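Novice: I would like to see how this sequence folds:
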Amino acid sequence: MAAVPVAVITGFLGSGKTTLLARLLRDPALARTAVIVNEFGEIGLDHLLVEASDEEILLLDSGCVCCSVRGDLVRTAGDLLARRAAGAIAPFERIVIETTGLADPAPILQALMTDPAIAESLCLESVIATIDAAAGPVTLDAHPESVKQAAIADRIVVTKTDLADPAASGLLARLNALNPAAPKLTAVHGAIEPSRLFGGVYDDRGRSPDVRRWLAAEAFPHGPADHGHDRAAGRHDHAIRSFCLRRSAPLRAVTLALFLQLLAEHCGARLLRLKGLVDVLESPGRPALIHGVQHVFHPPAWLDAWPDANHSTRIVVIAQGLDPLWLEALLDALDFEVAAARQEEEAQCSIS
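Specialist: Below you'll find the model as predicted:
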């Protein structure tokens, strides 16, 4: 049986991976695609937001890819192949792996190319890195993971070009210097032809010496102390943390708007990513999908229905140096103030 092609979509937090994947999976060219999603932290939302039809979607929630997902990935891919062979799931013709934004992609590629349990059954066809046109320059300066993601890719997709010009900011020149071999493509709201991203066989020849070193380092782990990754090239900042704000009662639309405005104004530099499903009082049954990266928040998108059985508000935050208790208190205070103002307004109306 021919090897199954595998594509890896990587890119830093909030750079548009999920949006890209969701749009791609609506294209008939990607019918019969199995999807493996890895998310950072205990609460996974991205797999709920990938709107697909017949795709087999599996969630790896082991957190830090460069430390622990390698074994999970091998087991998950092997399980997918076994279930396909047994007829337990619909036959698929491609696997797409979406990594967490904090991922070092080197161990994933090394496992796909060399692990004896899956290497003969899978063929790595492409590594796609998404780069945010607005936040990309700052992200490359601040986070070594994003540099590694761009350098390893054989296709680079620049997203959010409606918000910033990647040529004017110097981002394209920097990406060309970092990875001259990879074509620099653009996607607005995730729209791009699948034929530009899939096909062929990934080859690290011609990449920079750093890329070959990163891949080689993953082939020969240094032992338990290093968790199988190169300390010098990629190490997560332990000040980065993931947490989830939950609310069982609906939030008023004004509360949500004020909360996002305050976060953008006062926490933007430390807010790596925020994504959530919000139960809004004024829109029962139609949750608001919110998404922000640093100072940039997209207008809420209203879903026609909840994507799962849980209809409560869940706001996942990945931040650097932000106290979740402070964010909880801020949301509580805003909710109280808005409710009090509404009660006062209703009392004034009744008097008049």
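
Novice: Is Ile318 in contact with Arg270, as I believe?
Specialist: No - using C-beta atoms under 8 Å, Ile318 is not in contact with Arg270; the gap is 10.3 Å. C-beta here means a position set from N, CA and C on the backbone, and glycine is covered the same way.

Novice: Now do the same for the closest residue to Gly170 other than its chain neighbours: helix, strand or coil?
Specialist: Nearest residue to Gly170, sequence neighbours excluded (C-beta to C-beta, 6 or more residues apart in numbering): Pro137, at 6.7 Å. Three-state assignment for Pro137 (DSSP: H, G, I helix; E, B strand; the rest coil): helix.

Novice: Report the residue ranges of every domain in the protein.
Specialist: Listed by automatic domain parsing, the domain ranges of the chain are 4-226, 240-351.

Novice: Tabulate those (JSON lines), appending mean neighbour count.
Specialist: Formatted as JSON lines, these follow (neighbours: other C-beta atoms under 10 Å):
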{"stretch": "domain 4-226", "mean neighbour count": "19"}
{"stretch": "domain 240-351", "mean neighbour count": "16"}
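
Novice: Could you tell me the least trusted of the ones you listed?
Specialist: Per-segment mean pLDDT for the domains of the chain reaches its minimum on domain 4-226, at a mean of 77.

Novice: roughly how far out does that one sit from the chain middle?
Specialist: 10 Å (C-alpha atoms, centre = their mean, to the nearest Å).

Novice: now the helices for the stretch 1-150 of the chain?
Specialist: In the stretch 1-150 of the chain, the helices defined using DSSP state H, counting those that start in this stretch lie at 17-25, 46-49, 70-85, 106-114, 136-142, 144-152.

Novice: For Ala191, find the nearest of the ones you listed.
Specialist: helix 17-25 (5.8 Å; C-beta to C-beta).

Novice: Which elements pack onto the closest one?
Specialist: strand 4-11, strand 33-38, helix 46-49, strand 94-98, strand 122-132, strand 155-159 (3 or more C-beta pairs under 8 Å, 6 or more residues apart in numbering; DSSP states H and E).

Novice: Of the ones you listed, which is nearest Asp323?
Specialist: Nearest to Asp323, of all the helices and strands packed on helix 17-25, is helix 46-49, at 24.3 Å by C-beta to C-beta.

Novice: Phe297 is nearest to which of the helices and strands packed on helix 17-25?
Specialist: Closest among the helices and strands packed on helix 17-25, using C-beta to C-beta: strand 122-132, at 13.5 Å.

Novice: Can you name every helix or strand that that closest one contacts?
Specialist: Looks like strand 122-132 contacts strand 4-11, helix 17-25, helix 106-114, helix 144-152, strand 155-159 (3+ C-beta pairs under 8 Å, 6+ apart).

Novice: one more time with 6 Å
Specialist: Under the contact criterion of 3 or more C-beta pairs under 6 Å, 6 or more residues apart in numbering; DSSP states H and E, strand 122-132 touches strand 4-11, helix 106-114, helix 144-152, strand 155-159.

Novice: circling back: save the helices and strands packed on helix 17-25 as CSV, and put in distance to Trp326 too.
Specialist: Below are the helices and strands packed on helix 17-25 laid out as CSV (distance: least, C-beta to C-beta, whole Å):
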stretch, distance to Trp326
strand 4-11, 28
strand 33-38, 28
helix 46-49, 25
strand 94-98, 30
strand 122-132, 26
strand 155-159, 30
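
Novice: Between these, which one is closest to Ala264.
Specialist: Ala264 lies closest to strand 122-132 among the helices and strands packed on helix 17-25, at 15.5 Å (C-beta to C-beta).

Novice: Tell me which strands that closest one pairs with, and in which orientation.
Specialist: Next to strand 122-132 in the sheet, as set by DSSP bridges, lie strand 4-11 (parallel), strand 155-159 (parallel).

Novice: Verify the stated contact: Phe243 with Pro324.
Specialist: Yes - the criterion here is C-beta atoms under 6 Å, and Phe243 meets it with Pro324 at 4.3 Å.

Novice: Residues that sit against both of the two, list them.
Specialist: By C-beta atoms under 6 Å, 6 or more residues apart in numbering, Phe243 and Pro324 have no common neighbours.

Novice: Tell me which stretches of the stretch 201-350 of the chain form strands.
Specialist: 240-247, 271-278, 288-293, 296-302, 313-320 (DSSP state E, counting those that start in this stretch).

Novice: Show me the one of those that comes nearest Ala264.
Specialist: strand 296-302 (5.5 Å).

Novice: Quick one: residues contacting Leu289.
Specialist: Going by C-beta under 6 Å, 6+ apart, the list of residues near Leu289 reads 301, 303.

Novice: tell me the angle the lengthiest helix in the chain makes with strand 240-247.
Specialist: Scanning the chain for the helix with the most residues, using DSSP state H, yields helix 324-351. Counting by axes from the mean of the first three to the mean of the last three C-alpha atoms, to 10 degrees, helix 324-351 points 30 degrees away from the direction of strand 240-247.

Novice: tell me what helix 324-351 is packed against?
Specialist: helix 253-266.

Novice: what angle sits between the helix it packs on and strand 240-247?
Specialist: 160 degrees.

Novice: What is helix 253-266 packed up against?
Specialist: So helix 253-266, by 3+ C-beta pairs under 6 Å, 6+ apart, packs with helix 324-351.

Novice: Try it again at 10 Å.
Specialist: Helix 253-266 sits against strand 271-278, strand 288-293, strand 296-302, strand 313-320, helix 324-351, with contacts defined as 3 or more C-beta pairs under 10 Å, 6 or more residues apart in numbering; DSSP states H and E.
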